[in-house]
Every structure is written in C-alpha cells, then in structure tokens.
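Undergrad: using only what follows, build the 3D model:
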Amino acid sequence: MSAAQTVNAPPDPTARAAENALFKPRFYRTDYAAMNALDVTPLRDEWQKLMQEFRADVNRNHFERDAAFEVERQALPAELYQEFIDFLISSVTAEFSGCFLYSEIKRHVEHPDLKELMGFMARDESRHAGFINKSLKDYGLGVDLGALTRRKKATYFSPKAIYYATYLSEKIGYARYICIFRQLERHPEKRFHPIFRWFERWCNDEFRHGEAFALILRLNPQLLRGANRLWIRFFLLAVFATMYVRDHMRPALHQAFGFDPTEYDMRVLHITSEITKQVFSFTLDLEHPKFRSGLDRMARLAAAADMAKRRAGVLGGLKRAALSVAMAAQFLRLYLLPTKANTLPQEVRLAPSW
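TA: Residues are numbered from 1 along each chain as shown. Here you go, the predicted structure:
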C-alpha cells in the first residue's frame, strides 16, 4: 500500500503516542517498596497454577507474520485509514505502557513471586507492542518505542490504584479483542487487515494478565471492602467511560467491522462486568436508563472538546475548559447511579468462553 493511497497520515506517530490526553493510554509508576509486602501464601496453589501457565508460554511463536499477511492487507478509504492508524497507535501505546509498568515493577521490587510474574507479563506486552508496531511500519509509520519511554510522562498511582486499573484494563482488553475476533470470524469479508486473525490467542494473554491481578486483589481483601469500594466504583466507571468515548470517536472503524459502536461497547462492558464478579462485590448497573444516556453525553462532549482543540486559540481553549467541566459533571452523575450487588462466589475463575 503506497503513501499516495492514504493521505493525511500523522507526521509523528511517536509524538501522538506520547500525548498525555484524557482518553489516551498512560505510563505509570508506583510505590514499589509497598508491593514487597504481598503474601502469596493463602493462595499459593492458585498462584503456582497460574505461574505454570505463564512459564508454558503457549504464545511464544504466535506473534510471527505468515506469508498471507501482506496479501491480505487492503487499501483503505481515507476515513477508515485515519481511524485504523489511530487505533494502532493507541493500541501500541497501551501495550507498551503495560510493558513499561511491569518492567519497572520487576526492576524495583525484591519479592521473588512478583518479580517472576512481572517478567512474564512484560514479555507478553512487549510482543504485543512489537507486533502492532510492525503493522504501523507497513504504512511508513511506526512508534519509536525507545523514544516513547523518554518522551511520555509517567503518572504516579498507588499500588492499589495500579491493581484496580490494571486488572480492569487487562479484562476489558480481553473483552474487546474477543468481540472483534468473533465478529470477523463470522464475517471474514470484513477483515480488512490480517492483524485481526491474531486476536483470539492474543486476548488470552490479556485474560491471563487479568487473572494475575485478580489473585493479587484477593490476596489483599482489605482493598475490596469498606471505603475502597468507592475507589473500585471510580475505576470501573473511568475504564468503561474511557473505552466508550474513544470508540465513539471511530465510527468508520466500527462500521468496517460491521458493529454499531454503542452495541459493541455495551457487549464489551457486559462481558467485563461479568468477569469482575470474581473479585468485586458489586457491578455497575449497565441497564440503568441513565447509564447509557450518560455515556452518550460524555461521548458528545468529548467530540466537541476535540473540535475545540483543533480550533486552538483563546476561544478554543475556553471552549475546551467548559467542556471539561461538563464532562466531569456528567462523570459524577454516572458515579452516583446505584450499583448492583454481586452474588457470584469470588473464588470462581471464569473461563474465556465468549
């Protein structure tokens, strides 16, 4: 595919990836010393079983492009191309931010079990990021991953915030990838790029990473009760709303998949909510009449803020500030909606069967 077929490519994908905007993936650091206090003993058998899965490394040879890869790559209409490139840049940033976080934890902690776990997860995320980046380079683009670590600001999160956010990010990543894979499995004519053939086993890595953080949360039961329920509620909504807003900024991409963005996102949220019952004592009420309408309003406000950003200048800045306040107010309204109690036994591990 030549550059002439795909105009308006981002001039600097690394700069795009390095942005620390509200709905873009971030790099994180944490209190590594506090993580050393983790006691794996109460769930040692489950921990060892999961470590055996990581050690087996069933996907060690999975992220290799086959002979059909180049043949299957299609020329894309301009709007779809732009959204697909944005999807790839966002995805490589998210995967590499996971690699950065896990590598930093491994480097700083002394806990042998955590060191081993984080090494495995950094390995997986590095493979994912590299595989996506190769597809970007097919278009003459590509993110300089080494430069990204120097240019992208790292945000500090406490260990418990890392546990909540990363657990949810890995599980929602699984749900997103499996929904896309199943859709394109049913409709292979809509598979406009070969990378989607890799998504089934790829999402199993995401699921396994989420299982590791589920164990860590269960080993810290104080993080699942009391005032920490408010933090869980916050991270559930933040992760869900971020995905919803970001997806609604890519209508051409979802149309190419054969998805209505809202139906796709709600399907992903339902799968993720069902999975999170393994650790959380409640879920967000996705069926509440104000939940979807609230997310829709956040998506509209975010789209308007994006337009204001492009407008630039004083008026554009004032407009963005007003829209940011409106989004925060809408987020608060969603946060205050009632939740639903979870009755699922929390030791159950849900299989990736969707």
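Undergrad: tell me how far the strand or helix carrying residue 273 lies from the chain's centre.
TA: For residue 273, the host element (DSSP states H and E) is helix 261-276. Relative to its chain's centre, helix 261-276 lies at 13 Å (CA atoms, centre = their mean, to the nearest Å).
Undergrad: which other residues reach that helix?
TA: 167-168, 171-172, 174-176, 178-179, 210, 236, 240, 243-244, 247-248, 250-251, 254, 257, 283-284, 286, 292, 295-296, 350, 354 (CB atoms under 8 Å, 6 or more residues apart in numbering). Using the backbone N, CA and C atoms, a C-beta is placed for each residue, glycine as well.
Undergrad: give me the subset of those lying in strands.
TA: 283, 284 (DSSP state E).
Undergrad: tell me the buried residues in the helix or strand hosting residue 315?
TA: Using DSSP H and E, residue 315 falls within helix 313-335. Using 16 or more other CB atoms under 10 Å as the burial criterion, the residues of helix 313-335 that qualify are 319, 320, 323, 326, 327, 330, 331, 334, 335.
Undergrad: residues touching the closest residue in space to the third one that isn't next to it in sequence, list them.
TA: If the residues on either side of it in the chain are set aside, residue 323 comes closest to residue 305, at 4.2 Å by CB to CB, 6 or more residues apart in numbering. Residue 305 makes contact with 319, 320, 323, 324, 327, according to CB under 8 Å, 6+ apart.
Undergrad: export the residues you listed to TSV and append columns for distance to residue 36 and pLDDT.
TA: Listed next are the contacts of residue 305 as TSV, based on distance: CB to CB, whole Å; pLDDT from 0 to 100:
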residue	distance to residue 36	pLDDT
319	47	87
320	42	84
323	43	91
324	38	92
327	38	95
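Undergrad: mean confidence for the top helix by length along the chain?
TA: Criterion DSSP state H: the longest helix present in the chain is helix 78-108. In this model, helix 78-108 has a mean pLDDT of 93.
Undergrad: ok, stretch 177-191 next?
TA: Stretch 177-191 comes out with an average pLDDT of 96.
Undergrad: now that stretch - C-alpha only, PDB.
TA: Extracted in PDB, the C-alpha atoms of stretch 177-191 (Å, rounded to 0.1, in the frame of the first residue of the first chain):
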ATOM      1  CA  TYR A 177     -10.400  -8.400  21.400                       C
ATOM      2  CA  ILE A 178     -12.600 -11.400  21.600                       C
ATOM      3  CA  CYS A 179     -15.700  -9.500  20.400                       C
ATOM      4  CA  ILE A 180     -13.800  -8.200  17.400                       C
ATOM      5  CA  PHE A 181     -12.300 -11.700  16.700                       C
ATOM      6  CA  ARG A 182     -15.700 -13.400  16.900                       C
ATOM      7  CA  GLN A 183     -17.300 -10.800  14.700                       C
ATOM      8  CA  LEU A 184     -14.700 -11.200  12.000                       C
ATOM      9  CA  GLU A 185     -14.700 -15.000  12.400                       C
ATOM     10  CA  ARG A 186     -18.400 -14.800  11.500                       C
ATOM     11  CA  HIS A 187     -17.800 -12.200   8.700                       C
ATOM     12  CA  PRO A 188     -14.300 -12.800   7.300                       C
ATOM     13  CA  GLU A 189     -15.200 -10.500   4.400                       C
ATOM     14  CA  LYS A 190     -15.000  -7.600   6.900                       C
ATOM     15  CA  ARG A 191     -11.500  -8.500   8.000                       C
END
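Undergrad: that's all I had, so thanks and see you.
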